[in-house]
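with the sequence up front, the predicted model follows.
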There are 2 protein chains.
Amino acid sequence: MRVHDGRLEALLRRVARLPGESLARALERAIEVGALEHLEQLETRILRDGTLATVYFGLARPGTKLDGEWRAVGSRTPADERELVAAAQSRLRAKLSYTNLGFALAPEVFTISELRELYVAALGHDVSATNLQRVLLRRGAVERVEGHRAPGRTGGRPAALFRFAAQRLEVTDEFAALRPPR
Amino acid sequence: MRVHDGRLEALLRRVARLPGESLARALERAIEVGALEHLEQLETRILRDGTLATVYFGLARPGTKLDGEWRAVGSRTPADERELVAAAQSRLRAKLSYTNLGFALAPEVFTISELRELYVAALGHDVSATNLQRVLLRRGAVERVEGHRAPGRTGGRPAALFRFAAQRLEVTDEFAALRPPR
DNA sequence: GAGGTTTTAGACTATGGGACGAAAACCTAT
DNA sequence: ATAGGTTTTCGTCCCATAGTCTAAAACCTC
């Protein structure tokens, strides 16, 4: 999945595993894995046509080019696909809130406003830029980087630039309600 | 998995899927699914012997009887098994903290001290009974039930009885760091 | 400059949850 | 029965996270 023009898009690829082939190799044949910022296994299920499918879930940055057609999430697609995409979006929503997974959707450098647009598209609801900045900064997920982005034609204060501190999935352990006592 | 005598135990079963069989039916042949309080898919991987295995993860109450041998987590087992059990325990630990998953490990009615012992065994670290009670009560995961448990030989105040309000997995949405603004 | 826009920063507040200590309710032993 | 030990329960204090709101900063065009 990726966010493009403020909309969450999905690209589905399907590949049959060759005899003796590893899951990783089959994935490599299905899609250019290196172009994805994040990849994880979603679920294994039997599709309506009876085949056993292990579904993977990948994230790419806005500009990413890949073979195949990106479709906006919510557009009319076969039932199997809709279910899979819904499961993927659910996973994405959950992880965006308690991990640094935003790194996989965002360009290397961005303003908080741009990041907010990505989150709005991925989460499907509005997000406060102020809170987004404070939460991600406090967690250490995002950090300031030198420079500003010049305002557009309509004016406005120049926006500070940020980047994700890590480019690999890190889990915020703040949902650990019952930590070990000291 | 289950907690027995203050220790987390695992029971592994393996079954080959028959041609055309659903995953659910294969599970039914592998284990008495109805005896489990919770069942979810963990991951699909290729084992060291080259077979493609979809791993499921179930939870049972302390007294549960099932065919097969319960082994304490951490005891010496083949590498494949150790990895799977470690993945399962990791999932269990995470979900115990932000869901009501404790219902699947606990008997119908219990005292907070008994529940604390279950959590200690499953999490692998100490837990404060006071905080455990307050957290689970506030979430509405656990509720008071009539009656008390008589103290043991060493004395002590009679313990109040509790039960889990729901017997199905419910996610605490409090780790939603970025809720939609009003 | 005046007025509009976007970004940034700060103050206030609500809430979840950890630490600690005291009180309650029971036991056994003297 | 009275004292001392145990277990459970309750209440208070405090801190960190995060939502809301408002004002200030920095830029634009006219």
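Cool, got the structure.

what about the closest residue to DNA strand C within chain A, how many neighbours?
As assessed by Cβ to the nearest atom of the strand, DNA strand C sits closest to A:Gly156 within chain A, at 2.4 Å. Bear in mind the C-beta positions are built from the backbone N, C-alpha and C, glycine included. The burial count assigned to A:Gly156 is 10, neighbours taken as other Cβ atoms under 10 Å in any protein chain shown.

what's the spacing between the nearest residue to A:Glu143 once chain neighbours are set aside and A:Arg2?
Nearest residue to A:Glu143, sequence neighbours excluded (Cβ to Cβ, 6 or more residues apart in numbering or on different chains): A:Ala165, at 5.0 Å. Taking Cβ to Cβ, to the nearest Å as the measure, A:Ala165 and A:Arg2 are separated by 21 Å.

between these two, which one's more packed in?
Per other Cβ under 10 Å, whichever of A:Ala165 and A:Arg2 has more neighbours is A:Arg2, with 24 against 15.

wait, the more buried one sits on A:Pro62?
Yes. Look at A:Arg2 against A:Pro62 with Cβ atoms under 8 Å: they come within range, at 6.1 Å.

list the residues that contact both of those two?
Common contacts of A:Arg2 and A:Pro62, defined by Cβ atoms under 8 Å, 6 or more residues apart in numbering or on different chains, comprise A:Leu105.

I'd say A:Ala79 and A:Arg48 touch.
Yes. Using Cβ under 8 Å, A:Ala79 is in contact with A:Arg48, at 6.9 Å.

quickly find the element holding A:Glu21.
Taking DSSP states H and E as the criterion, A:Glu21 maps to no regular element, lying outside all helices and strands.

list the residues that contact it.
The contact partners of A:Glu21, by Cβ under 8 Å, 6+ apart, come to none.

how close does it sit to B:Gly50?
According to Cβ to Cβ, A:Glu21 and B:Gly50 sit 11 Å apart.

count of neighbours near A:Gln41?
A:Gln41 has 16 neighbouring residues, counting by other Cβ under 10 Å.

how about A:Gly58?
A:Gly58 has 23 nearby residues by other Cβ under 10 Å.

how about the helix or strand harbouring it and chain B, touching?
A:Gly58 is part of strand A:52-59 when elements are defined by DSSP H and E. Yes. Remark: strand A:52-59 sits within contact range of chain B at A:Leu52, A:Thr54, by Cβ under 8 Å from any Cβ of the partner chain.

how far is the next helix-or-strand element following that strand from where the chain is centred?
Where DSSP H and E defines the elements, the next helix or strand beyond strand A:52-59 is strand A:71-72. Computed by Cα atoms, centre = their mean, to the nearest Å, the separation of strand A:71-72 from the middle of its chain amounts to 15 Å.

list the strands paired with strand A:71-72, with their directions.
Taking DSSP bridges as the criterion, strand A:71-72 pairs within the sheet with strand A:7-10 (antiparallel).

now the partner strand: how far from the chain's centre is it?
On the basis of Cα atoms, centre = their mean, strand A:7-10 sits 10 Å off its chain's mean C-alpha point.

flag every buried residue along that strand.
Of the residues in strand A:7-10, those with enough neighbours to count as buried (16 or more other Cβ atoms under 10 Å in any protein chain shown) are A:Leu8, A:Glu9, A:Ala10.

and stretch A:58-74, by the same measure?
Neighbour-count burial for stretch A:58-74, with 16+ other Cβ under 10 Å as criterion, is recorded at A:Gly58, A:Leu59, A:Ala60, A:Arg61, A:Pro62, A:Thr64, A:Trp70, A:Arg71, A:Val73.

so what pLDDT did A:Arg29 get?
If you check A:Arg29, the pLDDT there is 96.

and it, which helix or strand is it part of?
Using DSSP H and E, A:Arg29 falls within helix A:23-30.

need the three-state assignment for A:Arg182.
For A:Arg182, the secondary structure call by DSSP: H, G, I helix; E, B strand; the rest coil comes out as coil.
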